[in-house]
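Engineer: Sequence first, then the predicted structure, then my questions.
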Amino acid sequence: MKLKKYKVILFDGDGVLWKSNQPVNGINSLFDFLAEKGILWALITNNNSHTVQNYIDKFSRFGLSVNPRSIFTSSTATASYLLDQYGSGASLHVIGSNGLIVTL
């Protein structure tokens, strides 16, 4: 695969970058390589039980510093959509996981 033509790589987390709370072998080398080549990346996940901060903390435990703007969850996508549709301060009644509630 020729990575030169890619500007951004999107990763899933569970089972791809880590298994449970263990990083996959070579995760640090992978992210060092991407940084060296100037390739941006983002984490995308449909897991709404964790906040962006939870993922930042997880990456930190792996020895990686992550920009929160590189993490997209189903909760952040929902929050962005609701903000766009209804504006700041709209009343919500949220039924869901803590990650969803905190994000919204």
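Structural biologist: Nice, thanks for sending it over.
Engineer: Tell me the backbone dihedrals of the residue of the chain most remote from its centre, please.
Structural biologist: The outermost residue of the chain relative to its centre, with distances by CA atoms, centre = their mean, is Ser91 at 26.1 Å. Reported as degrees, to the nearest 10, the phi and psi values for Ser91 are phi -70, psi 130.
Engineer: Return the distance of it relative to Ser97.
Structural biologist: 20 Å (CB to CB, to the nearest Å). C-beta: built from backbone N, CA, C; applies to glycine.
Engineer: now swap in Ser80 and tell me
Structural biologist: Distance from Ser80 to Ser97, by CB to CB: 18 Å.
Engineer: What of Ala42?
Structural biologist: 21 Å.
Engineer: And Thr78, by the same measure?
Structural biologist: Taken as CB to CB, the span from Thr78 to Ser97 is 12 Å.
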